[in-house]
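Undergrad: based on what follows, work out the 3D shape:
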Amino acid sequence: MFALREAYQAGLLGKKNWINNLVAGLIVGIVALPLAMAFAIASGAKPEQGIYTAIIAGFIVSAFGGSRLQIAGPTGAFIVVLSGITAQYGIEGLQIATFMAGLILLVLGLTKMGGIIKFIPDPVIVGFTAGIGVIIWVGQWRDFFGLPAISGEHFHEKLLHLFYALPQFHTPTTLLAVASLALVIFTPRIPVMKKVPGPLVALVVATVVQGLFHFDGVRTIGSAFGGIPQALPVIHLPSPEWSQIIELIGPAFTIAMLGAIESLLSAVVADGMAGTRHNSNQELVGQGIANLFTPLFGGFAATGAIARTATNIRNGGNSPIAGIVHSITLVVILVALAPMAANIPLATLSAILFVVAWNMSEARHFVKMVRRAPKADVAILLVTFSLTVFADLVIAVNIGVILATFHFLRRMAASVEVSQSTSEKINEELSRLGENHIPESTLVFTVEGPFFFGAVENFERALAYTNTDPSFLIIRLKWVPFIDVTGLQTLEEVIQSLQERGVTVILSGANGRVDRKLRKAGIISLIGDDHYFPTFETAIKKIAEIDGKPNSTSGEAGPVSNLLKTSKEYFEAFRKDNTPRKFSD
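TA: Predicted structure coming up:
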C-alpha cells in the first residue's frame, strides 16, 4: 500500500484534507460514469461491465498502486485491443486474458521492471496513441450517425463501407449526437458551468430528451442491452481450458504492455501536475492486482486514466481517498440510478468518445513533431501511426520500437571514435604529465565510446589503415564506458592477428567494469599481465624498458632503434653504390 503509506507520511489523510478529496472523488466518479459505459460498449462488453471495472480497479489501484493521485478504470487506449479480443474469443475470453495480464503486470512490478517502460521512445508512443484515436473516432461513426451494421475486417474496408453508408444516416440520432458533442465541448467554456463535466451534461440532457420524446430508431442502452442491472456484480470464476490459455497468451501480453505504458504515463503526468513522485514498480503491482480482480466481478482490463487523474488533481485531490471515493460514487449511482440508464442514447456515448479520440490523438503535438523532429524520428512516428491504423497495434509498437532501437544503435556506433594518435599529440600529452617522448617503434590507438557490436567495424577499419606493423601497439581504453561480447571477440581476434605478425599488443586505462570483462574473457591472459596497465604513462615506461633505453629522446638507443638505424644505413649505402650489404656488415 505504497500510495496510502506515502499519503499518511505526508499528513494527507488528516481531517483537513477530507473535504478536498471527497469533492474530487465525487466529481471524478460522475465523470467516469459515461466514459466507463462508452468504453465498455466500444470494447464489445455491456455498459455495466465498464462500471464494474471502474469500481473494482479504481479502488484497488488507489489502495495498492504507486501513485497517490492515480485514477484507474477502463480507458480509450484499450478499445482497439479489447474489441478485437472480444470479437475473436468472446467476453469470457477477454476476461481470461485480463486475468493473465494481471499476473504479467504483477510479475513485472515484483521484478522491478517498471523503469523499462520509460525507454519506449516518444515517436512510438505518440504514433500508436494517435492511431488509436483515429480508430476510435471512425469506429463510432455508426452509432453517431445511426447507420446500419457495417462489415469489413480491416480498417480501410470498414472506412470504405462507412462512406458508402453515410447517405443512410438517421436524422434524430445524428441531431442528438451533434447536440451531445456540442455540450461536451462547450459546457466547460461557459463561466458558470466551468466545474461541471461536459460528458455528464451531455448524458443527462440527451437522456432526458430521449425519455420525453422517445424518437423512433434511436438506439439506447435499453434497446441495445436491456438496460443496466440495479445490483452489484457477483463473483464469477472462469474455467478456461489449457488450449484457450495458450491462445490467449499473446492478447494477455498485449493488454499487460499497453496497460503498463498507459498507467506509468498517467502517473508521470500526475507527478508533473502535482509535484509528486510515483513508484513505478509499485504502480505495476497495483495495476496487476486490479486486473486480477476485475474479471472475477464481471469487469475487464483497466489501467491508469490520464483524463480522470488530471480531473482529480484539478479538483483538489491529493491522496488515495479521492480514488476510493470515486469508486464508492459509482457504486451509489449503480444501485440508485441504474433504471434511468435505459434511455441513454448510444449516439451520446459516441459523441463523448469523439472527444476522447481527439484528446488521445494529440493532433497538435503530432503535427508539431512531424514539422520539427529529426527525419528519422518522423519516419518512426509515421510508420508506427500507419501500422496502428491499417495493420495491428502490437505490430505497430514492435516495429516502432525495433526501428527506434536500430536508429539509436546507428547513432551510438557513429559516435564511437577509433583513431590513431599522432606522435606529436602523444608527446604533448606526456610532456604535460612530466614524462618524455613516446618510443619510435610504437603506435597508439584510442577508443572513445562504448565498444559494442555496432562499433566493431570502426575499430577494424581504423586498425586496417596502419601501413606498416610497429613493434608495439597500445590500445587505450580509458574512454570506453563498457564493452560487450562482440567487442571482446573482435578485440581478441585483432590481438591474435597482430601477435602472429610479430606485434606486441598493450592495453591501458580500462575502467573497473571493462577490466572485469577483459579478465573474464581471457583477453588479459592472451596479452599477458605484463602488457596490461592501469594508465597510459606506465605503458609507455614499460615499452621504454623493453626497448632497452630510458624514456627519452636522447641517450643510447635500444635494439629496436638500432635495428631501424641499421636499416636506414643499409638503404643509404645501396642507393650510393648499388652494392648489396648484409645487416651484419
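
Undergrad: from I475, how far off is the nearest residue to N458 once chain neighbours are set aside?
TA: Spatial nearest neighbour of N458, excluding adjacent residues (Cβ to Cβ, 6 or more residues apart in numbering): V418 at 4.9 Å. (Each C-beta comes from the backbone N, C-alpha and C, glycine too.) The span separating V418 from I475 equals 9 Å under the rule Cβ to Cβ, to the nearest Å.

Undergrad: any common contacting residues for these two?
TA: Any residue near both V418 and I475 by Cβ atoms under 8 Å, 6 or more residues apart in numbering counts here, and that gives F445, V447.

Undergrad: which one's more surrounded, those two?
TA: Neighbour tally, V418 and I475, criterion other Cβ atoms under 10 Å: the higher count belongs to I475, 26 against 20.

Undergrad: any idea how many residues pack against G522?
TA: The burial count for G522: 11, using other Cβ under 10 Å.

Undergrad: look at the residue nearest to it when sequence neighbours are not counted and give its secondary structure.
TA: Once flanking residues are discounted, G522 sits nearest to E492: 7.5 Å by Cβ to Cβ, 6+ apart. Put simply, E492 is helix when judged by DSSP: H, G, I helix; E, B strand; the rest coil.

Undergrad: so W141 is in contact with F163, correct?
TA: No. Between W141 and F163 there is no contact under Cβ atoms under 8 Å: 9.4 Å.

Undergrad: who has more neighbours, these two?
TA: Legend: neighbour count by other Cβ under 10 Å for W141 and F163, higher for W141 (21 against 10).

Undergrad: where's that one relative to A231, distance?
TA: As judged by Cβ to Cβ, W141 and A231 stand 34 Å apart.

Undergrad: then I120?
TA: Applying Cβ to Cβ to I120 and A231 gives a distance of 41 Å.

Undergrad: who has more neighbours out of the two?
TA: For I120 versus A231, neighbours defined as other Cβ under 10 Å are more numerous around I120 (19 against 10).

Undergrad: centre of the chain to the lengthiest helix in the chain, how far?
TA: If you go by DSSP state H, the chain has its longest helix at helix 79-110. The chain centroid and the centroid of helix 79-110 are separated by 19 Å under Cα atoms, centre = their mean, to the nearest Å.

Undergrad: swap in stretch 500-515?
TA: Distance, centroid of stretch 500-515 to centroid of chain: 38 Å (Cα atoms, centre = their mean).

Undergrad: can you check stretch 51-65 too?
TA: Worked out by Cα atoms, centre = their mean, stretch 51-65 lies 24 Å from the chain centre.

Undergrad: mean confidence for it?
TA: Stretch 51-65 carries an average pLDDT of 95.

Undergrad: ok, stretch 399-417 next?
TA: Averaged across stretch 399-417, the pLDDT comes to 85.

Undergrad: ok, now stretch 544-554?
TA: For stretch 544-554, the per-residue pLDDT averages 54.

Undergrad: could you do stretch 71-91 as well?
TA: Mean pLDDT, stretch 71-91: 92.

Undergrad: repeat for stretch 299-314
TA: For stretch 299-314, the mean per-residue pLDDT is 93.

Undergrad: distance check, the residue most central in space within the chain against T405.
TA: Residue closest to the average C-alpha location in the chain (Cα atoms, centre = their mean): I120, at 2.6 Å. Using Cβ to Cβ, we find I120 at a distance of 10 Å from T405.

Undergrad: shared neighbours of the two, anything?
TA: By Cβ under 8 Å, 6+ apart, no residue touches both I120 and T405.

Undergrad: which helices and strands sit right next to the longest helix of the chain?
TA: If you count contacts as 3 or more Cβ pairs under 8 Å, 6 or more residues apart in numbering; DSSP states H and E, helix 79-110 packs onto helix 18-42, helix 122-139, helix 242-247, helix 249-274, helix 280-293.

Undergrad: nearest residue to S151 in space, please, no chain neighbours.
TA: Nearest residue to S151 in three dimensions, chain neighbours excluded: H161, at 6.2 Å (Cβ to Cβ, 6+ apart).

Undergrad: check contacts around that neighbour.
TA: H161 is in contact with I150, S151, G152, counting by Cβ under 8 Å, 6+ apart.

Undergrad: now rank those by neighbours and give me the top one.
TA: For those, the largest number of neighbours (other Cβ under 10 Å) sits with I150, at 16 neighbours.

Undergrad: and that residue, that's in a helix?
TA: No. Read with three-state DSSP, I150 is coil and lies in no helix.

Undergrad: per-residue confidence for it?
TA: pLDDT, I150: 84.

Undergrad: would you agree it is in contact with L160?
TA: No. Look at I150 against L160 with Cβ under 8 Å: they stay out of range, at 9.7 Å.

Undergrad: how close does R411 get to A404?
TA: Distance of R411 to A404, given as Cβ to Cβ: 11 Å.

Undergrad: neighbour count: the two, which is higher?
TA: Legend: neighbour count by other Cβ under 10 Å for R411 and A404, higher for A404 (22 against 12).

Undergrad: got the contact list for the more buried one?
TA: Taking Cβ under 8 Å, 6+ apart, we find A404 in contact with P121, P123, V124, I380.

Undergrad: where does the stretch 301-450 of the chain dip in pLDDT?
TA: In the predicted model, the stretch 301-450 of the chain carries pLDDT under 70 at residues 422-424, 427-439.

Undergrad: all the helices of it, residue numbers only.
TA: For the stretch 301-450 of the chain, helices defined by DSSP state H, counting those that start in this stretch occupy the ranges 306-314, 320-337, 346-361, 363-372, 375-390, 393-415, 423-432.

Undergrad: point out the most buried one among those.
TA: Ranked by mean neighbour count, those are led by helix 346-361 with a mean of 24 (mean count of other Cβ atoms under 10 Å).

Undergrad: what packs against that helix?
TA: Counting by 3+ Cβ pairs under 8 Å, 6+ apart, the packing neighbours recorded for helix 346-361 are helix 18-42, helix 122-139, helix 141-145, helix 171-186, helix 198-213.

Undergrad: swap in 10 Å and give it another go.
TA: Secondary-structure packing of helix 346-361 (3 or more Cβ pairs under 10 Å, 6 or more residues apart in numbering; DSSP states H and E): helix 18-42, helix 79-110, helix 122-139, helix 141-145, helix 171-186, helix 198-213, helix 221-225, helix 306-314.

Undergrad: could these go into a markdown table alongside distance to V356?
TA: Below are the helices and strands packed on helix 346-361 laid out as a markdown table (distance: least, Cβ to Cβ, whole Å):
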| stretch | distance to V356 |
| --- | --- |
| helix 18-42 | 7 |
| helix 79-110 | 9 |
| helix 122-139 | 7 |
| helix 141-145 | 13 |
| helix 171-186 | 9 |
| helix 198-213 | 9 |
| helix 221-225 | 18 |
| helix 306-314 | 8 |
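
Undergrad: out of these, nearest to A322?
TA: Nearest to A322 among those is helix 18-42 (4.2 Å), distances taken as Cβ to Cβ.

Undergrad: in the closest one, which residues are buried?
TA: Under the neighbour-count criterion of 16 or more other Cβ atoms under 10 Å, helix 18-42 has 20-42 buried.

Undergrad: V31 contacts A202, doesn't it?
TA: No. V31 is not in contact with A202 according to Cβ atoms under 10 Å; the separation is 11.7 Å.

Undergrad: how far away is the spatially closest residue to P295 that is not a sequence neighbour from F253?
TA: Spatial nearest neighbour of P295, excluding adjacent residues (Cβ to Cβ, 6+ apart): Q95 at 3.6 Å. Per Cβ to Cβ, Q95 is found 16 Å from F253.

Undergrad: and what of G275?
TA: 34 Å.

Undergrad: of these two, who's got more company?
TA: Shown here are G275 and F253; by other Cβ under 10 Å, F253 has more neighbours (15 against 7).

Undergrad: for the residue nearest to that one when sequence neighbours are not counted, what are its contacts?
TA: Nearest non-adjacent residue to F253, counting by Cβ to Cβ, 6+ apart: I104, 6.4 Å away. Listed by Cβ atoms under 10 Å, 6 or more residues apart in numbering, the contact set of I104 reads I249, A252, F253, I255, A256, M257, G259, A260, L284, G288, N291.
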